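K.L.:
Pasted the sequence and its predicted model underneath.
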Amino acid sequence: MNFKKEISKAIKDSLASLGVPAVNFSLETPKLSSFGDYATNAALLAGKKLNQPPLHVAQKIKEELSLLSSLSFIEEIKVAPPGFINFYLKPNFLLKVSKEIISSRERLVSKTGEGKTVIIDYSSPNIAKPFGVGHLRSTIIGQALYNLYAFLGYKVIGDNHLGDWGTQFGVLIRQVKSKSPEKIEDLTIEDLEKLYVEFHREAEKNPRLKEEAREWFKRLEEGDREAREIWQKIVDLSMKEFSRVYKMLGVSFDVSLGESFYQDKMAAVITDVQEKGLLCESRGAKVIFIPGKETPAMLVKSDGATTYLLRDLATIKYRQGRWRPDLIIYEVGVDQTFYFQQLFSVASLLGYCSPEALVHVAHGMILGLEGKFSTRSGKTIHLEAVLEEAIKKARKLTAEAGVAKKLSPKEQEKVARAVGIGAVKYNDLKQNPRTDIIFNWEKMLTLEGNSGPYLQYTAARCFSVLEKSRRRSFENLPKIQLNQEELAIVRLSCHWDEVISEAAQKFSPNLVADFLYQLAQNYNHFYNQHQILQEEREKESLRLGLTALTTKILEEGLGILGLEVLRKM
Ligand code: ARG
C-alpha cells in the first residue's frame, strides 16, 4: 500500500469538502519521528488563502480527515503549531507492510516506469587520455541512475558516448606521424597524452603545426586510409585501458556509441537545419541562432571540421529514431552546463524532441586528490591508481579491524576489493551530485559513520544473524507490542518505496544513500540493545523478521548504488 498516495488523496478530499481552493501542499516524512510518519503543510497554505489562522484550519482538516474510512491505517492525527498536521501510522500496519517487503519474492517497490524508456548517457571519457578522475563521477552516478530507473521498471539504455572524434585527433595523428610513426604499436596512453601536451607547447611558437593538425582531421573525416589506421590504433589502445577500469568498477553499458559513430550521420542534421531555414554563415562557419541568445551554436567550423555539438545533435536524432525515449539523461560535469542548454535549445528548434525530454544532471568536481595521482605529462588524475590505493587501504582497514579474519586469503582479497571500490563509490553517491565533493580517505574508509564499509558491514552482520537461525521471518506474527528500537526499523522501512521514486525523480542517488545509512543506524542500535535469538519464540520471530527486512532493503539499496553486498565479512 502506498500510504503517501492515500494520505495525499485524503487531504485533497478534505480540503475540497471544506471548500478550500486547491493548494499545492507537501507531504513529507519528518526527520524526528515524534512528529509522526508524515506531516503536511496543507493547513498553513489553506489558512493563507482563507485568511484564517492556520491552527484553526488544521483542526478543521483534521476533523474532516477523521471521517474518512480510507485512512484506517492511521493511528492518530495531531495538529502542531503553527498549523502542521502530523500522521501516525498504526504499528500493525507497519508490520504488515514490513512483512510484505520481506515475503515479496521480487520486491514491493511500485514499478512506475513500466512502458517508459530512458537513455542514460554517462561515463563518456575521451580517447587518448588516461581514464581520469574527471570521469569517475559521471561513471558512478550514471550507473546508479541506471540501476534506479531499471529498478522502477523503466526500460533503460546505458550509452557510453566516448569522445573518439574531433579536432584533437588531427593533433594526435600529426604528432604520431612526426614523432614515432614506426613505434605506434609501443605507445602508451601516457605517451599520447604527452604528445598532445607537447603539441600545444610547440604550436605556440610554430602556428604551422595547427594547420597540419587541421589538415589531418580533415583527412580523417574524409576517410583517408592512413589517418584512419592511426586513429583506430589510438582507439584500441584507449579501450583496453578503459575496459580495465570498468571491470574494476563493475560498470557496463548497453551500447558504447562514441562520437565517431555519428560521422556519417551529421550531414542529415545539416540538411534538417537547412530545411527549417535555420542555417546561417558566420565568418565561414555554419551556425544556428537561438532566439533570445546572443551566442550562436556552431555546427561546422570555418575549416569544415564538424563539432561536438553537431555530433550530439546527430546522437539525439539517432536515439529518437532507434529507441523513442521518454527521457534522455546526460550525466556530465557542471562545466558543460552552458553547452547542454545550447544543445537542448537547438534540438528543440529542430523538432528532434521537446526540451523536457532532455536533462543534464550536472555533477560537481572531486577535490583533494591532486599531487600523488597526477600523470607525468598532463593534469589528469589517474583513476586506476586511485582505485588501487583504495583497495590497498581497504586491505589494511579490514586486517586491522579483524573483520575478515576467519576467511580464506582469497576471500579476504575479495572483501578488500569490494570494500575499497565500494568506499570510493559511496563517498561520491552519498553526496548531492551537484556539489563539489572532497576525497577524504579517512572518512570514506572506516567501519563507523556514513561510509560504504559501514553499510557493507551492517549487511554482513544481518546475514550472519539470519544464518544462525532457521526461522527467518515474521512467521504467524503475533499481536506483539513493539519496543522503540523495533518500531524505528519498521517505521523507516515503510518509506523505502517513496525514497526510490523520489531519488529517481530528482536524479539524486544520495537520497537512497541517506536512507540506507539511517536504516543501518537504526538496525545497529536495535542490535546492540536487544537479543535477537532467544527463548521467547514470538519475540525471536519478530526480531528475525526485522533483520530480514533490513537485509532485504540493504541488499536492494546497495545494489542500486553499485556496492557489492558481502555475505561474510
Ligand atoms: N566526452 C565528453 C567529455 O569528456 C563528455 C560527453 C558527454 N556526453 C555527451 N553526449 N556530450 O567532456
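P.N.:
Received, thanks.
K.L.:
When you work out contacts or count neighbours from here on, use the C-alpha atoms and nothing else.
P.N.:
Noted.
K.L.:
So which residues on the stretch 301-450 of the chain come close to the ligand?
P.N.:
Counting by CA under 6 Å from any ligand atom, the stretch 301-450 of the chain comes close to the ligand at D312, V332.
K.L.:
So which residues of the stretch 301-450 of the chain form strands?
P.N.:
In the stretch 301-450 of the chain, the strands defined using DSSP state E, counting those that start in this stretch lie at 327-333, 358-363, 366-367, 437-438.
K.L.:
Columns mean neighbour count and mean pLDDT on top of the ones you listed, output as TSV?
P.N.:
Formatted as TSV, the strands of the stretch 301-450 of the chain follow (neighbours: other CA atoms under 10 Å; pLDDT from 0 to 100):
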stretch	mean neighbour count	mean pLDDT
strand 327-333	22	97
strand 358-363	21	97
strand 366-367	14	88
strand 437-438	18	90
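K.L.:
Compile the ones you listed into JSON lines and extend it with columns for distance to D13.
P.N.:
Shown next, in JSON lines, are the strands of the stretch 301-450 of the chain (distance: least, CA to CA, whole Å):
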{"stretch": "strand 327-333", "distance to D13": "33"}
{"stretch": "strand 358-363", "distance to D13": "34"}
{"stretch": "strand 366-367", "distance to D13": "47"}
{"stretch": "strand 437-438", "distance to D13": "44"}
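K.L.:
quick one: which of those strands is nearest M444?
P.N.:
strand 437-438 (10.1 Å; CA to CA).
K.L.:
Packing partners of the closest one?
P.N.:
Counting contacts by 3 or more CA pairs under 8 Å, 6 or more residues apart in numbering; DSSP states H and E, strand 437-438 is packed against strand 366-367.
K.L.:
Could you spell out the sheet neighbours of the strand it packs on, each with its direction?
P.N.:
strand 437-438 (parallel) (DSSP bridges).
K.L.:
what secondary structure does S508 sit in?
P.N.:
Secondary structure, DSSP: H, G, I helix; E, B strand; the rest coil: S508 is coil.
K.L.:
Among the strands of the stretch 301-450 of the chain, which comes closest to S501?
P.N.:
Closest to S501 of the strands of the stretch 301-450 of the chain, according to CA to CA: strand 327-333, at 15.5 Å.
K.L.:
what's the angle from that closest one to strand 358-363?
P.N.:
Per axes from the mean of the first three to the mean of the last three CA atoms, to 10 degrees, the angle that strand 327-333 makes with strand 358-363 is 30 degrees.
K.L.:
Just give me how far strand 327-333 sits from the chain centre.
P.N.:
Relative to the chain's own centre, strand 327-333 is displaced by 10 Å; criterion: CA atoms, centre = their mean, to the nearest Å.
K.L.:
Would you check that A513 makes contact with L429?
P.N.:
Yes: shown here, A513 and L429 form a contact pair, counting by CA atoms under 8 Å, at 6.9 Å.
K.L.:
Of all the residues in stretch 178-188, which ones are buried?
P.N.:
Within stretch 178-188, the residues that count as buried by 16 or more other CA atoms under 10 Å are T188.
K.L.:
Kindly check the end-to-end length of it for me.
P.N.:
17 Å (CA to CA, to the nearest Å).
K.L.:
Residue in the protein with the shortest distance to the ligand?
P.N.:
G163 (4.2 Å; CA to the nearest ligand atom).
K.L.:
Just the buried positions in the helix or strand hosting L542, please.
P.N.:
If you go by DSSP states H and E, L542 is part of helix 537-561. Residues 538-561 are the ones in helix 537-561 that count as buried (16+ other CA under 10 Å).
K.L.:
I'd like the mean pLDDT over stretch 534-551, please.
P.N.:
The average pLDDT within stretch 534-551 is 87.
K.L.:
Over to stretch 127-140?
P.N.:
Here the average pLDDT along stretch 127-140 is 92.
K.L.:
ok now that stretch, how far from the chain's centre?
P.N.:
16 Å.
K.L.:
That one near the ligand anywhere?
P.N.:
No: using CA under 6 Å from any ligand atom, stretch 127-140 stays clear of the ligand, with a minimum separation of 7.0 Å.
K.L.:
Just the C-alpha atoms of that stretch, please, in PDB.
P.N.:
Presented in PDB, the C-alpha positions along stretch 127-140 are these (Å, rounded to 0.1, in the frame of the first residue of the first chain):
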ATOM      1  CA  ILE A 127      40.100   8.600 -26.000                       C
ATOM      2  CA  ALA A 128      43.800   9.000 -26.000                       C
ATOM      3  CA  LYS A 129      43.900  10.200 -22.400                       C
ATOM      4  CA  PRO A 130      44.200   8.100 -19.300                       C
ATOM      5  CA  PHE A 131      40.900   7.400 -17.600                       C
ATOM      6  CA  GLY A 132      40.900  10.300 -15.200                       C
ATOM      7  CA  VAL A 133      39.100  11.100 -12.000                       C
ATOM      8  CA  GLY A 134      37.200  13.700 -14.100                       C
ATOM      9  CA  HIS A 135      35.100  10.900 -15.500                       C
ATOM     10  CA  LEU A 136      34.600   9.000 -12.200                       C
ATOM     11  CA  ARG A 137      31.600  10.800 -11.000                       C
ATOM     12  CA  SER A 138      29.800  10.500 -14.300                       C
ATOM     13  CA  THR A 139      30.500   6.800 -14.300                       C
ATOM     14  CA  ILE A 140      29.400   6.200 -10.800                       C
END
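K.L.:
which residues are in contact with it?
P.N.:
122-125, 162-164, 189-190, 192-193, 234-235, 237-239, 241-242, 245, 251, 331-333, 363, 365-366, 380-384, 425, 428-429, 562 (CA atoms under 8 Å, 6 or more residues apart in numbering).
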